[in-house]
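Enquirer: pasting the sequence and the predicted coordinates here, then a few questions.
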Amino acid sequence: MRSVEQAFALVRSLFLDVVALVLGVFVAVEGWARGALAQAGVPRDLSTVVLILLAVALFILALRIFGGLIRVLLVVFLALLLFHLLLGATGA
């Protein structure tokens, strides 16, 4: 049972690391874009619209880049959960 819990922790940690990476890149790009738009004199309302469009584009890009990894992590997590439930049901 202990190894299944360790595997859960590993998969969870990998997933959280991917999320942290994506959020870190998003924050860096958003900060750069906000500064560039302010320096260029773009009005605040237009800047907000551009930043929202940039956020959507970054989200789609992250899904395209990490989509396969997230899918694999989800399948592994669900397989481990099933294995854990089966071991718990048999009393092993």
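Expert: Arrived safely. Bear in mind that the values here come from a model prediction, so they are computed numbers and not experimental data.

Enquirer: element containing the most centrally placed residue in the chain, please.
Expert: Of all residues in the chain, the one closest to the mean position by CA atoms, centre = their mean is residue 19, 2.9 Å from it. In this assignment (DSSP states H and E), residue 19 forms part of helix 2-39.

Enquirer: and that helix, what does it pack onto?
Expert: helix 44-90 (3 or more CB pairs under 8 Å, 6 or more residues apart in numbering; DSSP states H and E). C-betas here are computed from N, CA, C, even on glycine.

Enquirer: which other helices and strands contact the helix it packs on?
Expert: By 3+ CB pairs under 8 Å, 6+ apart, helix 44-90 packs against helix 2-39.

Enquirer: can you name the residues that contact residue 37?
Expert: 47, 50-51 (CB atoms under 8 Å, 6 or more residues apart in numbering).

Enquirer: how about low-confidence regions in the chain?
Expert: Scanning the chain for pLDDT under 70 picks out the ranges 1, 88-92.

Enquirer: from residue 9, how far off is residue 79?
Expert: From residue 79 over to residue 9 the distance is 15 Å, taken as CB to CB, to the nearest Å.

Enquirer: swap that for residue 86, sorry
Expert: When residue 86 is compared with residue 9 (using CB to CB), they lie 19 Å apart.

Enquirer: try residue 68
Expert: With CB to CB as the criterion, residue 68 and residue 9 are 22 Å apart.

Enquirer: for residue 65, same thing?
Expert: Counting by CB to CB, the gap from residue 65 to residue 9 is 25 Å.
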